[in-house]
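# Requesting a structural model of the entry that follows:
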Amino acid sequence: MASLKQVHSARVLRADSDGLAGEGDALVTDREAVLVSVRTADCYPILLVDVKSRVVAAVHAGWRGTAAGIAVAALETMGARRRDIRAAIGPGIGACCYYVGDEVARLFGRTEAGHIDLAEWNRRQLIDAGVSEGNIEVIGQCTSCDAGQYHSFRRDKDQAGRMISYIGLKSKTAVSDRKAPRNT
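Numbers count the residues shown, from 1 in each chain. Below you'll find the model as predicted:
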């Protein structure tokens, strides 16, 4: 599995092998033997696949990365045709629990402090970049609300664990070796 030293940026790296790829917040690969991963505990994991070109990406989207358009930067690094993209936006801190101050709120077009929906911001950015709305799945679960299922930095502070989200490509051989079911 390839991973990153995540720094809350919009930096996208390519991963050609397992291990630490460097500092950034998204990994892209077209290698069958490599899983790309991100760790989250309120930030949103976004997994992308170009089903035609066989390129995948794992994105760590916190407020800084979202404000800087990290999901779209990952699409650009993938070289993806937007109509061929499938996206999954995993669990993260919901608007119900994500209250931000004036400075962060301004980055999202607000004039004062308030609740921000990072999942929706990332979904809209993908749509605005040309990904079909029907090809984007949003899990829609709040990490801060559900202590039994998710880690949350905002809820648990330094005691918070991390969730790992990853994606990879199946071997073309494994896919083509499957036998078609017989009609009897």
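
# Around the nearest residue to Gly130 once chain neighbours are set aside, count how many other residues there are.
Leaving aside its chain neighbours, Gly130 sits nearest to Arg82 (3.2 Å; criterion: Cβ to Cβ, 6 or more residues apart in numbering). Where C-beta positions appear, they are placed from N, C-alpha and C, glycine not excepted. By the criterion of other Cβ atoms under 10 Å, Arg82 has 14 neighbours.

# Asp16 too?
11.

# I'd guessed it sits against Arg31; true?
Yes. With contacts counted by Cβ atoms under 8 Å, Asp16 reaches Arg31, the gap being 5.9 Å.

# Now do the residue nearest to Gly130 against Ile127, distance only.
10 Å (Cβ to Cβ, to the nearest Å).

# What separation do you get for the residue nearest to Gly130 and Gly109?
24 Å.

# May I see the buried residues of the one helix or strand Ala74 maps to?
In this structure, Ala74 sits in helix 70-78 according to DSSP states H and E. Buried residues in helix 70-78, defined by neighbour count with 16 or more other Cβ atoms under 10 Å: 70-75, 77-78.

# now do stretch 134-152
Buried residues in stretch 134-152 (16+ other Cβ under 10 Å): 135-136, 138, 142-145, 150-152.

# now these as CSV including secondary structure?
Below are these laid out as CSV (DSSP: H, G, I helix; E, B strand; the rest coil):
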residue, secondary structure
Asn135, helix
Ile136, strand
Val138, strand
Cys142, strand
Thr143, coil
Ser144, coil
Cys145, coil
Tyr150, coil
His151, coil
Ser152, coil
